[in-house]
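Undergrad: Compute the structure for the input listed below.
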Amino acid sequence: MKAKHRAAAASAPIPVDHSHPRACIIGAGSSGIAAAKALHMAGVPFDCFEQGSAIGGNWLLDNPNGQSACYETLEINTSCPRMAFSDFPMPDDYPAYARHDQVHAYFERYVDHFGFRPKITFDTKVTEVTREARGGWIVRTQGPGGDRVREYDAVLVANGHHWNPRWPEPAYPGLFDGEQIHAHDYRSAEQLEGRNVVVVGAGNSAMDIAVEASRCAGDVNLSIRRGQWVMRKWLLGRPADQIALPGWVPWWATALRLRVGALTSGGLARYGLPKPPHTPGQSHPVQSDRIRERIAAGRVTVRPGIDRVDGDNVVFTDGTRVAADLIVWATGYRVTFPFLDPALVEASGNELPLWKRTMHPDLPGLYFIGLLQPIGAVMPLAEAQSAWVAELLTGTYAAPSDAEVRAMMTREHERAKRRFYSSPRHTMEVDFDRFLWDLTRERKRGRARAVRHAPRTDQGAPLTASTNS
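TA: Prediction:
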């Protein structure tokens, strides 16, 4: 299949070098396959464990692993060129915003192109990851061959963060006679057809489900506690995320693009949506080209937050009530790691500070891939994180001192807290372009440190690189 920039033929991977640290990758979704490709091409010995029988994670409808939130009408909110891996473009016959099945097919081709599918062990669940006294990691798995225990020098956690639904806590007062589902369990319009539906939330899934319900359900109400800027996907005849300067741009330029996008999309107050108390760029972008027309057509009614449920009614904070037999809670996800001891790693309120959203100096050898919420797509960022970890494991990158790492981690975390309003959905928020620029800069510095601190032979040639200077 042709592509605008045809992917170069996959170069032969470096033969596995068993002198490198041995690694384990958890998950074969978009972040897991990025990690597997990076280690495969770097010659790092590794195992990749996938709970289901297929790759693709959240982009595979009815994924056998039972974790996917994919639904029939799902399409990407980031345009294809901005979502694709750097060395493997999406096909040029894809639409600007690809469907979930196209994204999954792209991942399948990516895995086969680089030839690392045999490294993935399917139908195998990681049940426990614990620290070893010597500093490594013990990984327990459960699969067709029974329970197994293996030792690794490094573990790359790529289990995703859109699989453990967050329900309202505490639950709203009252008893509801109808059905309640989380957006994670929504699959198709069949679940909405003929129902009186209340969709709760203001994110992308909430907008998509409300639009779909407006075509087939009875009464449709969209309950929003806090106003959001809802952008259109197209701006000046182009995908909105491609209206930017080439290369890295400062955070305020991204915020300016989002502000322009919000203004050109038009305000939503006249449609009944609450006015956002924040500026564009201070929250994760919400995109919908159709919600306005469905509200204007009277097929979606915007409501404030819920006060209580009452039998077959939902009562809102303004005192209004509607009859409903289905509530869809599009209320986000919890960040959890069921295989890690909470005393070791726990995301309190989804907040887990990490250096460049990848590692923590207290947990050497444990890396998190794709554990971020970018203004943009996760895939290129997971790819960059994975390449960084591969450099560290092969000794071509050396980290700064723990004190420097902690200082940078604190600065990054505080900067994000200042920029984005306080919310569980923003604890992992990063700006796509700034993140890539900043990580590229650190990788260059680390490669220079590795050369400076490498032991030398009598001829002065570097042999190995320290991982902590």
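Undergrad: make it CA atoms for all contacts and neighbour counts henceforth
TA: Will do.
Undergrad: Show me which helix or strand of this protein is least confident by mean pLDDT.
TA: For the chain, using mean pLDDT, DSSP states H and E, the weakest element among its helices and strands is helix 251-265, scoring a mean of 56.
Undergrad: centre of the chain versus the helix or strand just after it, how much separation?
TA: For helix 251-265, the following helix or strand on the C-terminal side (DSSP states H and E) is strand 286-287. Taking C-alpha atoms, centre = their mean, to the nearest Å, one finds the center of strand 286-287 at 15 Å from the center of the full chain.
Undergrad: Okay, buried residues for the helix or strand just after strand 286-287 please.
TA: Where DSSP H and E defines the elements, the next helix or strand beyond strand 286-287 is helix 291-296. Of the residues in helix 291-296, those buried under the neighbour-count criterion (16 or more other C-alpha atoms under 10 Å) are Ile291, Arg292, Arg294, Ile295.
Undergrad: Equivalent analysis for stretch 437-453, please.
TA: Those buried within stretch 437-453 under the rule 16+ other C-alpha under 10 Å are Leu439, Glu442, Arg443, Gly446, Arg447, Arg449, Ala450, Val451, His453.
Undergrad: Quick one: mark the members of those that sit in helices.
TA: Among the buried residues of stretch 437-453, DSSP state H puts Leu439, Glu442, Arg443, Gly446, Arg447, Arg449, Ala450, Val451, His453 in helices.
Undergrad: Neighbours of Asp93, how many?
TA: Neighbours of Asp93 under the rule other C-alpha atoms under 10 Å: 11.
Undergrad: secondary structure class for Ala387?
TA: Three-state secondary structure (criterion: DSSP: H, G, I helix; E, B strand; the rest coil) places Ala387 in helix.
Undergrad: now it: how far from Pro15?
TA: Applying C-alpha to C-alpha, to the nearest Å, the value for Ala387 to Pro15 is 17 Å.
Undergrad: So for these two, which residue has more residues nearby?
TA: Under the neighbour definition other C-alpha under 10 Å, Ala387 and Pro15 were set side by side, and Ala387 has more, 21 against 12.
Undergrad: Can you tell me, leaving aside adjacent residues, what's nearest to the more buried one?
TA: Nearest residue to Ala387, sequence neighbours excluded (C-alpha to C-alpha, 6 or more residues apart in numbering): Ala38, at 5.4 Å.
Undergrad: which residues does that neighbour contact?
TA: For Ala38, the contacting residues are Glu383, Ser386, Ala387, Ala390, by C-alpha atoms under 8 Å, 6 or more residues apart in numbering.
Undergrad: quick revisit: the buried residues of helix 291-296 into a markdown table, with extra columns for distance to Phe107 and pLDDT?
TA: Putting these into a markdown table (distance: C-alpha to C-alpha, whole Å; pLDDT from 0 to 100) gives the following:
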| residue | distance to Phe107 | pLDDT |
| --- | --- | --- |
| Ile291 | 30 | 93 |
| Arg292 | 33 | 91 |
| Arg294 | 33 | 96 |
| Ile295 | 36 | 94 |
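Undergrad: Among the ones in helices among the buried residues of stretch 437-453, which has the minimum pLDDT value?
TA: The member of those with the lowest pLDDT is His453, and it reads 85.
Undergrad: Assign the residue nearest to Ala387 to helix, strand or coil.
TA: Here Ala38 is helix, with the state taken from three-state DSSP.
Undergrad: what's the spacing between it and Ile14?
TA: Plainly put, Ala38 is 11 Å away from Ile14 if you go by C-alpha to C-alpha.
Undergrad: same deal with Arg303?
TA: 57 Å.
Undergrad: These two: which is more packed in?
TA: A side-by-side neighbour count of Arg303 and Ile14, using other C-alpha under 10 Å, places Arg303 first with 24 against 12.
Undergrad: And for the more buried one, nearest residue in space, chain neighbours not counted?
TA: When the adjacent residues along the chain are set aside, Arg303 lies closest to Ser223, with 4.6 Å between them (C-alpha to C-alpha, 6+ apart).
Undergrad: isn't that neighbour right up against Ile306?
TA: Yes. The criterion here is C-alpha atoms under 8 Å, and Ser223 meets it with Ile306 at 7.0 Å.
Undergrad: Burial check on Gly57, number of neighbours?
TA: The criterion is other C-alpha under 10 Å. On that basis, Gly57 has 31 neighbouring residues.
Undergrad: so what's the residue nearest to Arg232 when sequence neighbours are not counted scoring on pLDDT?
TA: Spatial nearest neighbour of Arg232, chain neighbours left out: Asp289 (5.0 Å); criterion: C-alpha to C-alpha, 6+ apart. As summarised for this prediction, Asp289 has a pLDDT of 86.
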